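Visitor: need a structure here:
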Amino acid sequence: MTHPCESCGMPIEDGRYCQYCVDDTGALQDFETRFGRMVEWRLREAGGDRAAAERDTLAHMATLPAWRNHPRVKSAR
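Guide: As a prediction, the model looks like this:
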């Protein structure tokens, strides 16, 4: 049975976060690192301009337990 990663939403089997959202020690990456990587993924997958990718990424992060209360995410609402 899978459940979504609390940081990006990717389906995972165990734990709170997927392998892409944690650092070498297994801790959740900091906001800026995760946000930057999610924006880059969005640009690779869907194209478009950076401003739209950042806006869409912040909107997505607002739905995720790891980030919904982060000040940058909250200010984008």
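Visitor: Show me where the protein has its helices.
Guide: Remark: helices assigned in the chain by DSSP state H are 31-46, 50-61, 71-76.
Visitor: Could you check the angle the first one makes with helix 50-61?
Guide: Inter-element angle recorded for helix 31-46 and helix 50-61: 110 degrees (by axes from the mean of the first three to the mean of the last three C-alpha atoms, to 10 degrees).
Visitor: what packs against helix 31-46?
Guide: helix 50-61 (3 or more C-beta pairs under 8 Å, 6 or more residues apart in numbering; DSSP states H and E). To be clear about C-beta, it is placed using only N, CA and C from the backbone, and glycine gets the same treatment.
Visitor: re the thing from before, can I get the helices of the chain in TSV with mean pLDDT?
Guide: Compiled in TSV, these are given as follows (pLDDT from 0 to 100):
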stretch	mean pLDDT
helix 31-46	97
helix 50-61	97
helix 71-76	95
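Visitor: Make CSV from these and add distance to Met1 and mean neighbour count to it.
Guide: Formatted as CSV, these follow (distance: least, C-beta to C-beta, whole Å; neighbours: other C-beta atoms under 10 Å):
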stretch, distance to Met1, mean neighbour count
helix 31-46, 25, 15
helix 50-61, 23, 16
helix 71-76, 28, 12
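Visitor: Which of those helices sits closest to Thr2?
Guide: Closest of the helices of the chain to Thr2 is helix 50-61, at 18.4 Å (criterion: C-beta to C-beta).
Visitor: returning to what we had before: just send the helices of the chain back as JSON lines, with distance to Met10 too.
Guide: Formatted as JSON lines, those follow (distance: least, C-beta to C-beta, whole Å):
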{"stretch": "helix 31-46", "distance to Met10": "10"}
{"stretch": "helix 50-61", "distance to Met10": "11"}
{"stretch": "helix 71-76", "distance to Met10": "18"}
